[in-house]
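test case, fold it:
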Amino acid sequence: MSQEYPTRRPTDAEYSLEESEPIPPELTSMPWIDVHNHAHTLSWNEREKFAISGCQSMVMMAAAYYWTPYKPVAPEDVRYLWDDALSRLAQIRESHLIDAKVGIGIHTGARVENYEELLDVLPDYCELEEVAAVGEIGITEAQHVSGWELEEQKDVTRRQLEIAADLGLPAILHTPADLEDVDFPDRVRGDIPGYELDLSLQQEPVLTSDYPKREAIEIDIDLKDDAGLPDEQLVLSHADTKIAPYVLENTDCYLSFTVSYPWLLGVTPTDVAEVVAEYGPDRILVETDSAGVLRSDVFAFKRTILEMYRMGLDIETIRQVVYENPQDVLS
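As a prediction, this is how the structure comes out:
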């Protein structure tokens, strides 16, 4: 029975033949876990956005090549980044009421000299209660300033995967961006990027196929097998709709979609919803990868939750993707 409105003119509702479904209260209060970010490099205000939008836990990747002051990178540079993230952790937890932890690893985005020194101490770091994952690591298509031969990248990646396997930790793997169909930067005129990284200093790529993202992932998966790391302990970050069929149909690894800078990666909340609708929620994650060196949107994670609901996914499916799956990965 339609409701009578006391308005002087008919409203849209009086013409409507359908009653809208009630909005589940869980939608706006749903907790979520960010398995991959660099939030320790953000401002206090940016980190507060995580808590305001419902982030319960996060893993902050402690090492990334573009924060080191020198190239090639020395072991002490990487150790500084690990120690810096660990030193900030307690205050971040206390100030923002988030169960934050750290990912520790040797990033291959720029060549690290004498990396064996880091591999010697990496297990000690990974045994800390504050460390939730080995990462971010993985094969990188091209390095910044100082190139790193593919065979050495394979060696450092495999040995880190072995440490993850030995200690029962998940490994978070960076995968190369697929920029073939993405305009960079996202403006009609001008060439000022949204990234504090001089792309003119990128070295020659070490991956030579027409699809380096898949080539890198195939190598990473082979290295995972060599290291004895189970599929369910491997997270492939920076996913997109193009790579999703390969990963979800041929492996049991987790696939994590970076949603906070679609201007660069071309991944939107709608893309995530479409992949979940097609393949189901079992091995899909969402991440922000928010960092202080690029324009990113922390609220994109919450926006993805809302978009999945708008696209017809039910509350249980959404909760599995944004909360239960990362809980399973991170134990």
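
what packs against the helix ranked longest in the chain?
If you go by DSSP state H, the chain has its longest helix at helix 75-96. Using 3 or more CB pairs under 8 Å, 6 or more residues apart in numbering; DSSP states H and E as the contact test, the elements touching helix 75-96 are helix 44-52, strand 55-61, strand 99-104, helix 116-126. Any C-beta I mention is one placed from the backbone N, CA and C, and that applies to glycine too.

can you rerun that using 6 Å?
strand 99-104, helix 116-126 (3 or more CB pairs under 6 Å, 6 or more residues apart in numbering; DSSP states H and E).

let me know the angle separating that helix from strand 55-61.
170 degrees (axes from the mean of the first three to the mean of the last three CA atoms, to 10 degrees).

buried stuff in helix 75-96?
Across helix 75-96, burial judged by 16 or more other CB atoms under 10 Å covers 75, 77-78, 81-82, 85-86, 88-89, 92, 96.

and residue 202, how many neighbours does it have?
Number of residues near residue 202 (other CB atoms under 10 Å) recorded here: 15.

what do you get for residue 331?
Counted with other CB under 10 Å, residues neighbouring residue 331 total 9.

ditto for residue 224
Neighbours around residue 224, by other CB under 10 Å: 26.

show me the contacts for it.
Residues in contact with residue 224 (CB atoms under 6 Å, 6 or more residues apart in numbering) are 161, 234.

same thing but at 8 Å, please
161, 171, 231, 234, 253 (CB atoms under 8 Å, 6 or more residues apart in numbering).

separation between residue 32 and residue 50?
9 Å (CB to CB, to the nearest Å).

now swap in residue 148 and tell me
Applying CB to CB to residue 148 and residue 50 gives a distance of 32 Å.

tell me which of the two has more neighbours.
More neighbours surround residue 50 than the other of residue 148 and residue 50, with 28 against 23 (other CB under 10 Å).

spit out the contact partners of that one.
Listed by CB under 8 Å, 6+ apart, the contact partners of residue 50 are 34, 39, 58, 96, 98, 298.

any idea how far the third one is from residue 223?
Separation of residue 58 from residue 223 (CB to CB) stands at 26 Å.

so the two - more neighbours on which side?
residue 58 (29 against 25).

nearest residue to residue 95 in space, please, no chain neighbours.
Nearest residue to residue 95 in three dimensions, chain neighbours excluded: residue 44, at 7.0 Å (CB to CB, 6 or more residues apart in numbering).

part of a helix, is residue 214?
Yes: using DSSP: H, G, I helix; E, B strand; the rest coil, the secondary structure at residue 214 is a helix.
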